[in-house]
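>>> This is a predicted model, with the sequence first.
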Amino acid sequence: MKKILLVCAAGMSTSLLVERMKARAAELNIESEIEALSISEASNKIDSVDIVMLGPQVRYQEKQIKDMAAGRIPVTVIDMLAYGKMDGTAVLDKALELIG
């Protein structure tokens with residue numbers, strides 16, 4: 001089970017991206033739990049996920065999230081082009097690459 005957390009300003013703007021990532025994971029027969037939360041809600045979930053991916057609009061909070069993760073999991077900013085295109089395949093591929 002791959003647990004992926006997307007963080008955005010309000011937890012809502014990435015919902016389409018989450019759905020596209022879930023669809024791609026299903027195509028690949030990858031068991032996954034993918035959700036989007038706001039930065040404030042992320043602190044409650046960070047200990048139970050495999051990776052945190054920040055929307056480009058909250059990239060300035062990367063250090064705060066990395067401090068929360070304390071090196072336990074990868075934390076990355078979603079590529080702006082992939083985010084803008086809502087490219088669930090590219091974002092999922094990057095998540096899986098970083099999870100290892």
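Now that the structure is in, tell me what you want to look at.

>>> Tell me which residues are up against the worst-scoring helix or strand of the chain on mean pLDDT.
When the helices and strands of the chain are scored by mean pLDDT, DSSP states H and E, helix 39-42 comes last with a mean of 86. With Cβ atoms under 8 Å, 6 or more residues apart in numbering as the contact definition, helix 39-42 has outside contacts at 5, 7, 9, 11, 52, 58, 61, 64, 65, 68. C-beta here means a position set from N, CA and C on the backbone, and glycine is covered the same way.

>>> Among the residues you listed, which lie within strands?
Here DSSP state E is the test, and the contacts of helix 39-42 give 5, 7, 52 as lying in strands.

>>> and the gap between the second one and residue 21?
In this structure, residue 7 and residue 21 are 14 Å apart, going by Cβ to Cβ, to the nearest Å.

>>> Can you list the buried residues in the least confident helix or strand of the chain?
Neighbour-count burial for helix 39-42 flags 39, 42 (criterion: 16 or more other Cβ atoms under 10 Å).

>>> how far does it sit from the chain's center?
From the chain centre to the centre of helix 39-42 is a distance of 12 Å (Cα atoms, centre = their mean, to the nearest Å).

>>> got it, and stretch 4-12?
From the chain centre to the centre of stretch 4-12 is a distance of 7 Å (Cα atoms, centre = their mean).
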